[in-house]
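Asks: here is a sequence with its predicted model. Questions after.
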Amino acid sequence: MPIDKSMNVLIVDDYKTMLRIIRNLLKQIDFNNVEEASDGTEALAKLRAGNFGLVISDWNMVPMTGLQLLQEVRADTRLKQMPFIMITAESKTENVVAAKQAGVSNYIVKPFNAETLRDKIEKVLGHA
Amino acid sequence: MLDATVPRETILAGHLAEIRARRPHAEPQLVAEVVRAVLTTMSDTLTAPDTALLREVEALGQTIANAKAEIAALKVDDITGSHIPFATDELDAIVAHTAAATDAILESCEMLDAVGATLTGEPAEKLQDATTRIYEACSFQDITGQRITKIVGALKTIEEKVARIVATFGPKLIDLPPPQSAQPTPEDDLLNGPQLPSQAMDQSDIDKLMASFD
């Protein structure tokens, strides 16, 4: 089934430059409906208020980290099936394991390229 | 010459009382002095291992006293008051300058994308490939920023430890508050930032790990 690239995508990072980069890379692969949040708390509020088809989140943010956001999403009846990709510089085995145990859909380590982003989105949305 | 009629313990106690009166606060130099007094008083009854042990303690006291003198000569105020703040300010400036440069690059790249949208065919594709590579490369800013933040944290830890060493061994006691460690959270062990390339898993390692859960 073809992926609906008109879906709303929420990108979450506390670093504005990174949000800008991810937004532009998503645009390059034809995802044009992109909203931004600068931490987990703001992201959760937007997710609960809006209609999103995918979350792409950094991990290391305050006050709510990406992992806590993921746990909140998976604990929310309405959001628990939401495809969730973690993009982070945290590349230790225990990080990947913790994210997987919390229910992450896929995991991208920084620095990454557009091809990896496209590949993981296709895998995640293909299984969604 | 020892007076044979006075018990050795009494002589030793006298030495110790005299030293204690002269230097009420225990210091490493005093340890060496006390050991010398013990060795002098009890030299005729100490066994060879006892003597060797006491000589070691004396040497240790002297080593600590020397270290104290060296720490005093360090000009620690320069380290904590000038060198480390200077280094952290410079690192903060690096982050700010590279962030500004990255934003300028991204702005130009977005303009190129806007131009590319007016083109068709191969020129449009080539331009998009080029801007994609630029966006990818710009993510260096995030990684370098995180690495520099780790260095600033390490410098601040060094600053705190130097101040503590001086407070403990320096010539003047500095009235420092107890170390303030942030309240640990369950995620602290997981928030390490970018790893060195030699220690990091790359995307293919992570893909294999993720696949192992399926």
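Replies: Received the coordinates, thanks. Computed from a predicted structure; not experimentally measured. Numbers count the residues shown, from 1 in each chain, chains lettered A, B, ... in the order given.
Asks: wait, what's in contact with whatever residue of chain A ends up closest to chain B?
Replies: Residue nearest to chain B within chain A: A:A89 (4.1 Å; CB to the nearest CB). Heads up, the C-betas are built off the backbone N, CA and C, glycines and all. By CB atoms under 8 Å, 6 or more residues apart in numbering or on different chains, the contact set of A:A89 is A:N60, A:V109, A:K110, B:D142, B:I143, B:Q146, B:G193, B:P194, B:Q195.
Asks: what's the distance between the last one and A:S91?
Replies: Same thing as B:Q195. Separation of B:Q195 from A:S91 (CB to CB, to the nearest Å): 5 Å.
Asks: interface residues of chain B facing chain A?
Replies: Neighbours of chain A within chain B, by CB under 8 Å from any CB of the partner chain: B:99, B:102-103, B:106, B:109-110, B:113, B:128, B:131-132, B:135-136, B:138-143, B:145-146, B:187, B:189-195, B:200-203, B:206, B:209-210, B:213.
Asks: what residues are up against B:I143?
Replies: A:A89, A:K110, A:P111, B:P194.
Asks: wait, a helix at the last one?
Replies: No: the assignment for B:P194 is coil, going by DSSP: H, G, I helix; E, B strand; the rest coil, so no helix is present there.
Asks: that one touches A:N95, doesn't it?
Replies: No: when contacts are counted by CB atoms under 8 Å, B:P194 is not listed as touching A:N95 (11.7 Å).
Asks: which of the two has more neighbours?
Replies: A:N95 (26 against 21; other CB atoms under 10 Å in any protein chain shown).
Asks: wait, a strand at that one?
Replies: No: with three-state DSSP as the criterion, A:N95 is helix rather than part of a strand.
Asks: contacting residues for it?
Replies: A:W59, A:T88, B:L190.
Asks: re the thing from before, intersection of neighbour lists for B:Q195 and A:S91?
Replies: Listed as contacting both B:Q195 and A:S91 by CB under 8 Å, 6+ apart are B:M201.
Asks: helix, strand or coil for A:P63?
Replies: Of the three states, A:P63 takes coil under three-state DSSP.
Asks: count of residues packed around it?
Replies: 8.
Asks: spatially nearest residue to it (excluding sequence neighbours)?
Replies: Closest residue in space to A:P63, ignoring its immediate chain neighbours: A:T41 at 6.1 Å, by CB to CB, 6 or more residues apart in numbering or on different chains.
Asks: which residues touch the helix or strand hosting the one you found?
Replies: Using DSSP states H and E, A:T41 falls within helix A:40-49. With CB under 8 Å, 6+ apart as the test, helix A:40-49 has contacts from A:10, A:12, A:35, A:37, A:52, A:55, A:57, A:61, A:63-66, A:68-69, A:72-73, A:76, A:78-79, A:82.
Asks: quick one, which of those are buried?
Replies: Among the contacts of helix A:40-49, those classed as buried by 16 or more other CB atoms under 10 Å in any protein chain shown are A:10, A:12, A:37, A:52, A:55, A:57, A:61, A:64-66, A:68-69, A:72-73, A:79, A:82.
Asks: filter the residues you listed down to the ones close to chain B.
Replies: Among those, proximity to chain B is found for A:T65, A:Q68 (CB under 8 Å from any CB).
Asks: fine by me, thanks again.
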